[in-house]
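**Student:** Here you go, sequence then predicted model.
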Amino acid sequence: MPVDVTDEDSVKNLLAGISERFGRLDAAVNNAAGGGRTPAPLSDWASEDFDSAIAVNLRGVFLCMKYEIELMLATGTGAAIVNMSSTAGEQGVAGLSGYTASKFGVAGLTRVAALDYAAHGIRINAIAPGPVLTDRLAEAGQAAQERVAATVPLGRIGTPGDVAAAALWLCSDQSSFVTGTVLTVDGGRLAGTPAFNTGN
C-alpha cells in the first residue's frame with residue numbers, strides 16, 4: 001500500500017489495512033527517508049528543506065510507531081520495531097543540519113519508545129547504517145565509490161543486504177534481549193572517530 005508517512009491519515013489507513021488483512025502485526029521496519037540535499041552550512045538551508053527532513057525522517061517514524069504500537073498492543077503477543085537511523089544520527093555531519101538533526105531524533109525516539117513498551121513485550125531498536133551502495137552512490141561512479149570505500153575500515157561499501165540482515169535479526173527471536181539500542185552497521189567507520197576511540 002502506498003503511504004505518505006507525513007500524513008497521519010495515510011499511516012492510520014495502512015495499519016487499518018494490516019489489521020483487516022492479518023489481524024496482527026509482529027514486526028515493522030520504518031525505513032522512509034527524505035531531506036537529503038546538497039550539503040550546505042546551516043544558515044543556507046531553506047526552512048522548508050529543514051521542515052521536510054523533520055517531517056519525513058522524525059515525525060514519520062513517530063506516526064508509524066504510534067499506530068504500529070497501537071495494533072501490537074491490541075494483539076498482546078509481543079512484537080518488534082526497527083527504525084532506520086544513520087551514522088549521521090550518531091555524530092554530526094557538516095552541511096546536513098536537517099538530515100542529521102532528524103536522525104539524532106530517531107535515535108532518541110527509539111530509546112524512549114523502547115522504555116515505554118518493554119513491559120508489553122514490544123522491542124524497539126534502530127539501525128544506523130554507514131556508507132551503503134544506494135542508487136545515488138551507484139550513479140556517482142566507480143571513482144566516487146572507491147573514495148568512500150577507502151574511509152571504511154572493512155575496505156568496502158555496505159550493501160542493502162547488509163542492512164536488511166541487521167533488521168531481520170533485530171526482528172527475530174535471536175535478539176529477544178535487545179531493545180532500546182542503535183545498531184551501527186558501518187564497516188567500523190564510527191569506531192575510528194574521536195567519540196569512540198579515546199585511547200583510554
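**Tutor:** Perfect, thanks for sending it. Numbering: from 1, shown residues only.
**Student:** Could you export the lengthiest helix in the chain as CSV, CA atoms only?
**Tutor:** Longest helix in the chain by number of residues (criterion: DSSP state H): helix 97-117. Taking C-alpha atoms only, helix 97-117 is exported to CSV below (Å, rounded to 0.1, in the frame of the first residue of the first chain):
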residue,chain,number,x,y,z
SER,A,97,21.8,20.0,9.6
GLY,A,98,18.2,19.0,8.8
TYR,A,99,19.0,15.4,8.0
THR,A,100,21.4,15.0,10.9
ALA,A,101,19.0,16.6,13.4
SER,A,102,16.2,14.3,12.3
LYS,A,103,18.4,11.1,12.6
PHE,A,104,19.6,12.1,16.1
GLY,A,105,15.9,12.5,16.9
VAL,A,106,15.1,9.0,15.6
ALA,A,107,17.7,7.5,18.0
GLY,A,108,16.2,9.4,20.9
LEU,A,109,12.6,8.5,20.0
THR,A,110,13.6,4.8,19.6
ARG,A,111,15.1,4.7,23.1
VAL,A,112,12.1,6.4,24.7
ALA,A,113,9.6,4.1,23.0
ALA,A,114,11.7,1.1,24.0
LEU,A,115,11.3,2.1,27.6
ASP,A,116,7.6,2.9,27.3
TYR,A,117,6.7,-0.5,25.8
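**Student:** can you tell me the average pLDDT over that helix?
**Tutor:** Taken as a whole, helix 97-117 carries a mean pLDDT of 97.
**Student:** right, and the helix or strand after the helix or strand hosting Ile124?
**Tutor:** In the assignment (DSSP states H and E), Ile124 maps to strand 122-129. On the C-terminal side of strand 122-129, the nearest following helix or strand under DSSP H and E is helix 135-140.
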